[in-house]
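1. Here's a sequence, model it:
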Amino acid sequence: MDVCTRFVVLFCLMGLTCAVPVKFIDCGSSSGKVSIVDIDPCASQPCQLQKGQAYSVNVTFSSAVDSQTSKAVVHGIIAGVPIPFPIPIEDGCKSGIQCPIQKQQNYHYLNSLPVKKEYPAIKLVVEWELRDDNKQDLFCIRFPVQIVS
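-> Here you go, the predicted model:
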């Protein structure tokens, strides 16, 4: 693991101690089961996401399958329409998960949710999927947020 990746993982792990569990809805985790979702900082729900800031997203889940790889896909759902939401690291194996993923094991997925200054101030639902080798969801979660100025 390179120094940059270690720093990101360490920073995210420190966030685990400060984050408050977020209420989420499972939206089709066919290959795994989520136990905890943390967003840091998030003092109240829905999480208030400040434009120009980045937020730590930590998902604890168990896998029901073996998988060599994992890929994150994130959307903002606005008025029922999913809009792609770019994240810095799509590769789950570079986001706190040691691959290959093994069946019946627990994992701590760690990533960053950057909120660009150009985003409108709006309430929306974030849909975050982590897909296995077969493009099935190791997890699929939805949680409400509000982007604020």
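2. So for this structure, the centremost residue is which one?
-> Centroid check for the chain by CA atoms, centre = their mean gives V57 as the closest residue, at 4.7 Å.
3. can you give me the helices in this structure?
-> Secondary structure of the chain (DSSP state H): helices at 3-16.
4. mind listing the strands for it?
-> Here the chain has its strands, by DSSP state E, at 20-21, 25-26, 32-40, 47-50, 54-63, 71-78, 81-84, 106-114, 123-131, 137-148.
5. Could you export those as a markdown table, including distance to K94 and mean pLDDT?
-> Glycine gets a C-beta too; all of them are placed from N, C-alpha and C. A markdown table is the format used below for the strands of the chain (distance: least, CB to CB, whole Å; pLDDT from 0 to 100):
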| stretch | distance to K94 | mean pLDDT |
| --- | --- | --- |
| strand 20-21 | 24 | 76 |
| strand 25-26 | 24 | 96 |
| strand 32-40 | 18 | 95 |
| strand 47-50 | 23 | 96 |
| strand 54-63 | 14 | 96 |
| strand 71-78 | 10 | 96 |
| strand 81-84 | 20 | 95 |
| strand 106-114 | 9 | 95 |
| strand 123-131 | 12 | 97 |
| strand 137-148 | 15 | 96 |
